[in-house]
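J.: Got a sequence here, can you build the structure:
(one chain, ligands or ions: 1)
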Amino acid sequence: MEKTFLMVKPDGVQRELIGEIVSRFEKKGFQLIGAKLMQISNELAEEHYGEHKERPFFGELVDFITSGPVFAMVWQGENVIATARQMMGATNPKDAAPGTIRGDFGVTVGKNVIHGSDSPESAKREIGLFFKKEELIEYSKLINNWVY
Ligand code: IDP
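T.: This is a model prediction of the structure:
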């Protein structure tokens, strides 16, 4: 089953949105297989956002993502990577549709509440960066019979 990496950013944690965000993905029918509150180191932040190294906002991005705890998660489900991106909404909350997480809770692009992997390759890379194999738990849920 497909897996993705999602993370409530420091603004989402401070704004007490962890429960709301977890709830949206649970209610959708996806399955949480790993989660932890963590403080990201500078090294991990630079590696995670490596593709943006040359962008003018890179320093600001690293400072922000390390500014307080994040809530890192791995979710599983059919088409979870693309569907989670749709549920998150556009990168800039001003363009994100109402009903999406960024559309409902974000105002500026720098503080857009949530991160989610954008492809199978980035999901694999990001899950590996943030989680050890033993931190991911494969378990069956009877309710999945009513989702699939
Ligand atoms: P994504 O998070 O929707 O995948 P990316 O283009 O990968 O978007 O950008 C990573 C993060 O960098 C965004 O979520 C946003 O918080 C931040 N970011 C993107 N563009 C800007 C900008 O112009 N100024 C400040 N931060 C930005």
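
J.: quick one, phi/psi of G116?
T.: The phi/psi pair for G116 (degrees, to the nearest 10) reads phi -150, psi 140.

J.: So what's the residue count around it?
T.: Close neighbours of G116, defined as other C-beta atoms under 10 Å, add up to 23. Placement of C-beta: from N, CA and C, glycine included.

J.: right, and it touches T83 too?
T.: No: using C-beta atoms under 8 Å, G116 is not in contact with T83; the gap is 9.8 Å.

J.: ok, the residue lying closest to Q14 once chain neighbours are set aside to G12 distance?
T.: Once flanking residues are discounted, Q14 sits nearest to G68: 6.2 Å by C-beta to C-beta, 6 or more residues apart in numbering. For G68, the distance to G12 (C-beta to C-beta, to the nearest Å) stands at 10 Å.

J.: Settle it for me: which of the two has more neighbours?
T.: G12 (23 against 13).

J.: sorry, back to before: quick one, what contacts the residue nearest to Q14?
T.: Residues near G68 by C-beta atoms under 8 Å, 6 or more residues apart in numbering: 10, 13-14, 39.
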